[in-house]
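Quick one: sequence plus predicted model below, questions after.
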Amino acid sequence: MDRKDTVRIIPGKDRRPATRRMVQLYAALLHNAYLRGFIDGKIYEGNAKYFCSPGLNCYSCPGAVGSCPLGALQNALSSAGHRAGWYILGIILLYGIILGRTVCGWLCPFGLIQELLHRIPTLKIRKGRMTRALSWAKYIILAVFVIAIPLYYALARDLPYPGFCKFICPAGTLEGAAGHLAHPGNASMYGMLGLLFTRKWVILAATGLLCVFCYRGFCRFICPLGALYSLFNRFSMIGVRVDTARCNGCGACVHRCGMDVRHVGDHECIHCGECMKYCPQGAISLKAGKITLKAPDADIRTMGENTRKRYRQRKRILWAAALAVMGFALVWFNFLDPSIRNEGLSEGQMQAEENWQSDAAAGYEEGMVPGDFSLECYDGSTFRLSDTRGKVTVINRWATWCAPCIRELPYFNDLYRAHAGDIAMIVIHPSLVVEDPEAFVAGLGLDVPCATDLEGDPVKEMIGGTATLPQTVVLNRRGEVVYNSVQSVTPEVLEALYLKAAEQ
Amino acid sequence: MSQTGRKRIFLILQTACCILLAVLLAAGAVEIWTDGSARKILNPLAGVYTPDAVAEKLGMLLPLFLVSALLAVLCAVFRVRDETYEKPAGKLFRIKQGHRLKHTGLIQAVLVAAAAALIIAGILNGSARDVLIKAIHICTECIGLG
């Protein structure tokens, strides 16, 4: 059949949003159902983060209720020296075999953002041999930034190093970094921005521009998650299928497709089903195994009245069920979830009222006095905050999985040694541990007293800690907060903070 | 000028706006960083980025953003789009005839079983808990904050 016979669909003619767009919006909202996070400027800390969401959605996004599979994979590889990350490998394998790149076409929130950017009316870059060649770049990015870099740092230096998140991921910059910086309550985070943020911001701007001109530019050329899922594309359970008995090989599907496919369902195909509109033979359908999820338009038109009625009814039931799930998710995550860990930060302040006798107000902001606490250190000693009066006190919160935290630990140790006798210091690990922090610091040979926070992280609350690491608090000799910030510090900054606190 | 020519001017203007917006967004960040870094040498406690500096740069971009938004609305109203893009792609590359692998069902069953085994092994060896712990804490470096 001549290509002229292809059904001509004029974008924008049918004003109803397409089913796929509705599903994409639905999935984006479900990925980010913790709407309170956007209001409070904090992330969701409940047990739903045991589960990985299928799409690329930064788990540091204030609304995210699931973990990012790519972030989790890099973290698992970063722990390769201690524990095999079977769980995340299983999750990715499961998503791959069930959905393949259907995730990219229907569920990925970052895919939706790319498609919306591409709708901005500008001159566009058409696909061709060059874009097809570039589409292999994502496999190189997967191999280097997601696998090789975290593995190298884990095995050679025992340092967590999520290469893709740190150097490239624009989803992390947009949803995680910008998501937090946009909240007025997180103004202190501006203090930690530097070269890394500048570099990632430039990458985000470039990615945005790429997606305006080039359909799903990030997805096609960069996304390692898409590269991973593409490995399963040929045998995934859900996806577009071609009825070979009907197909006449005209190639309209490939010519009309925005992705760099060579045939429907190959590793570049995101199973969006847009090609179904253009297939003159009605040979393409979206299927889950043998069940047809979306039949070709021509088939729907030729259906009997009763069949068509049943088809519509089934669609309505599915949407009603999906809306019920969404309603439940929104209520559960925002109001009912008992596993959320960042509730009631004011408890620390309340406790502080009962403790230290000071003219300064109780609290953890500058000029205030934090609540007293005592922790048993790994060396057997006990650190009690109220015993540090008369000395400059430094409290640092760190974790074994936080690379900047680990890098700055020697700076604290040097400061502790340099001002021994005039400084009290403790470095505290959160109560949730991935690997033994005691063994970890023993390997670093630190003199500084180190401890693990008690169950429920009460010390974190007392010093106004959040889910963000590293955090450093400096108190003057009267026990008043001179500095309390979540950011990496340098030796120069630590020395300046010591002098500032010692002078007061 | 023909209607197509006028539409093309809209598209070129919008293209220029988008490029300019992206370039200015990136350049603004670089400028804040260079200024802030110089300030930080003198005072190690000073921040490189400040909310005021960021607000100032974003404020400067607002008029351009509004122009771009207006152009987008006009393009939508007048149905202006890159029509050459909507035409079927010409000679691309050799189109292959797609075919499903043999024994797909068997491969699927084996892989689902393998995935289930890996997930159970992950729950037992604690790697599921690792995923949770890392996801409920923000590693500032990982999201590009610093």
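Received, thanks. Residues are numbered from 1 along each chain as shown, chains lettered A, B, ... in the order given.

alpha carbons only for contacts and neighbour counts from here, please
OK.

Domain map for chain B?
Here chain B is described, according to automatic domain parsing, as comprising the domains B:1-85, B:103-146.

Do the helix or strand harbouring residue B:131 and chain A come into contact?
Per DSSP states H and E: residue B:131 is located in helix B:127-135. Yes - using CA under 8 Å from any CA of the partner chain, we find that helix B:127-135 touches chain A at B:127-135.

Top of those residues by number of neighbours, please.
Counting by other CA atoms under 10 Å in any protein chain shown, residue B:135 has the largest number of neighbours within the residues of helix B:127-135 next to chain A, with 32 neighbours.

thought that residue was touching residue A:64?
No - the criterion here is CA atoms under 8 Å, and residue B:135 misses it with residue A:64 at 9.6 Å.

Which secondary structure state does residue A:485 sit in?
Each residue gets one of three states, and residue A:485 gets strand by DSSP: H, G, I helix; E, B strand; the rest coil.

just checking, what's the longest helix in chain B?
Ordering each helix of chain B by length in residues (DSSP state H) puts helix B:3-42 first.

Sort out which residues of that helix are buried, please.
By neighbour count with 16 or more other CA atoms under 10 Å in any protein chain shown, helix B:3-42 contains the buried residues B:7-8, B:10-15, B:17-22, B:24-30, B:32-34, B:36-37.

any idea how far residue A:287 lies from chain B?
From residue A:287 across to chain B, the span is 13 Å (CA to the nearest CA, to the nearest Å).

ok, the spatially closest residue to that residue that is not a sequence neighbour to chain B distance?
Distance criterion CA to CA, 6 or more residues apart in numbering or on different chains; nearest residue to residue A:287, sequence neighbours excluded, is residue A:293 at 5.1 Å. Distance of residue A:293 to chain B, given as CA to the nearest CA: 18 Å.

which ones are touching the spatially most central residue of chain B?
Among the residues of chain B, residue B:22 comes closest to the average C-alpha position under CA atoms, centre = their mean, at 11.4 Å. Contact partners of residue B:22, counting by CA atoms under 8 Å, 6 or more residues apart in numbering or on different chains, are A:205-206, A:208-209.

nearest to chain B, of those?
For these, the residue nearest chain B by CA to the nearest CA is residue A:205; the value is 5.3 Å.

Surely that closest one touches residue B:25?
Yes - with contact defined as CA under 8 Å, residue A:205 and residue B:25 form a contacting pair (6.8 Å).

Output the below-cut-off pLDDT ranges for chain B.
B:1, B:86-101 (pLDDT under 70).

burial count for residue B:46?
15.

pretty sure it contacts residue B:35?
No - applying CA under 8 Å, one finds residue B:46 not in contact with residue B:35, separated by 11.4 Å.

Could I get the phi/psi values of residue A:135?
Dihedral pair for residue A:135: phi -60, psi -10, per degrees, to the nearest 10.

Tell me how far it lies from residue A:128.
Going from residue A:135 to residue A:128 by CA to CA, to the nearest Å gives 11 Å.

Residue B:70 too?
Residue B:70 is 32 Å from residue A:128, where distance means CA to CA.

one step back: show me what contacts the residue nearest to residue A:287?
Residue A:293 neighbours (CA under 8 Å, 6+ apart): A:285-287.

Would you give the sheet partners of the host helix or strand of it, along with the direction of each?
Taking DSSP H and E as the definition, residue A:293 sits inside strand A:291-294. Sheet pairing of strand A:291-294 (DSSP bridges) gives strand A:284-288 (antiparallel).

Give the next helix or strand downstream of the helix holding residue B:131.
Using DSSP H and E, the helix or strand that follows helix B:127-135 towards the C-terminus is strand B:138-139.

Wondering if that following strand reaches chain A at all.
Yes - interface with chain A: strand B:138-139 contributes B:138-139 (CA under 8 Å from any CA).

Run through who's touching that strand.
By CA under 8 Å, 6+ apart, the list of residues contacting strand B:138-139 reads A:60, A:402, A:467-470.

For the strand holding residue A:293, buried residues please.
If you call a residue buried by 16+ other CA under 10 Å, then strand A:291-294 has these buried ones: residue A:294.

Likewise for stretch A:455-470?
A:457-470.

Domain parsing of chain A, as residue ranges.
A:20-231, A:346-503.

Can you tell me which of those is packed in deepest?
domain A:20-231 (a mean of 22; mean count of other CA atoms under 10 Å in any protein chain shown).

on that earlier part again, just how off-centre is the longest helix of chain B within its chain?
How far helix B:3-42 lies from its chain's middle: 15 Å, per CA atoms, centre = their mean, to the nearest Å.

Could you do stretch A:65-80 as well?
Averaging C-alpha positions (CA atoms, centre = their mean) puts stretch A:65-80 9 Å from its chain's average.

now swap in stretch A:153-163 and tell me
With CA atoms, centre = their mean, you get 19 Å for stretch A:153-163.

quick one: is it near chain B?
Yes - against chain B, stretch A:153-163 shows contacts by CA under 8 Å from any CA at residue A:162.

Leaving out sequence neighbours, find the closest residue to the residue nearest in space to the middle of chain A.
Nearest residue to the geometric centre of chain A (CA atoms, centre = their mean): residue A:58, 1.6 Å. Nearest non-adjacent residue to residue A:58, counting by CA to CA, 6+ apart: residue A:172, 5.2 Å away.

Then residue A:447?
Sequence neighbours aside, residue A:413 is the residue nearest to residue A:447 in space, at 6.3 Å (criterion: CA to CA, 6+ apart).
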